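> 3D, please:
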Amino acid sequence: METNYLIELAKPNDLEQIMKVIDDARQLLKTQNSGQWQDGTPSENTIRQDILNKAFYVLKEGIKILAVMAVLDYEKDYDQLQSGSWQVAGSYFVIHRFAVTSSARQKGIASKMLQFVEHLAHEKQQAAVRIDTHEKNIPMINLLKKNGYRAVGVAILEGNKVRIAFEKPIQ
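Below is the predicted model of the structure:
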């Protein structure tokens, strides 16, 4: 039986559930020794601001939030890659703060989230979707490759966070 998932803009009263999903993902990342999100990012304030800016999405099953992500239309740290280069010129969407709760992993939910952003990007005439992740976040790297994203180089976020930059052209 196909489960009905709803992807929608997050509301301020979703924040508590969102932070539980983020904390759950933070624990998984800790087991990978990646350092990603171990400094307290993303913070509740950052996510609250994303919600107010109508840039934060949740995937729900009923009232339970299973996955979260910010979808932005610019990332200053993407202006200059440390190595490599973006393959697609023009406007783009950026996915940040992407997480799926542990009970919902391995069910295709992360792919549904990516497909949602790609559809949104197509509707809004964006040339590409860009995302980055830590080199030790193998599940995320595999997810991105499986969904047609290409590693194009290395981005430095917030001045010192080395991340693999991925991009997918949108037709």
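> okay, and for the chain, where does confidence drop off?
1-2 (pLDDT under 70).
> could you pull out the helices for this protein?
Listed in chain order, the helices of the chain (DSSP state H) span residues 15-31, 44-52, 109-123, 138-146.
> figure out which of these is closest to residue 8.
For these, distance to residue 8 was read as Cβ to Cβ. The smallest value, 9.9 Å, belongs to helix 109-123. The C-beta positions use only the backbone N, C-alpha and C, and glycine is treated the same way.
> CA atoms only: put the closest one into PDB for me.
Output for helix 109-123, consisting of C-alpha atoms alone and laid out as PDB, is shown next (Å, rounded to 0.1, in the frame of the first residue of the first chain):
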ATOM      1  CA  ILE A 109      11.600   9.500   1.600                       C
ATOM      2  CA  ALA A 110      14.900  11.300   0.900                       C
ATOM      3  CA  SER A 111      14.500  10.800  -2.800                       C
ATOM      4  CA  LYS A 112      10.900  12.100  -2.700                       C
ATOM      5  CA  MET A 113      12.300  15.300  -1.000                       C
ATOM      6  CA  LEU A 114      14.900  15.700  -3.700                       C
ATOM      7  CA  GLN A 115      12.300  15.200  -6.400                       C
ATOM      8  CA  PHE A 116      10.100  17.800  -4.800                       C
ATOM      9  CA  VAL A 117      12.800  20.400  -5.000                       C
ATOM     10  CA  GLU A 118      13.600  19.500  -8.600                       C
ATOM     11  CA  HIS A 119       9.900  19.900  -9.500                       C
ATOM     12  CA  LEU A 120       9.800  23.200  -7.700                       C
ATOM     13  CA  ALA A 121      13.000  24.300  -9.400                       C
ATOM     14  CA  HIS A 122      11.500  23.400 -12.800                       C
ATOM     15  CA  GLU A 123       8.300  25.400 -12.000                       C
END
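> elements contacting that helix?
Using 3 or more Cβ pairs under 8 Å, 6 or more residues apart in numbering; DSSP states H and E as the contact test, the elements touching helix 109-123 are strand 6-9, strand 56-61, strand 64-72, strand 92-100, strand 128-133, helix 138-146.
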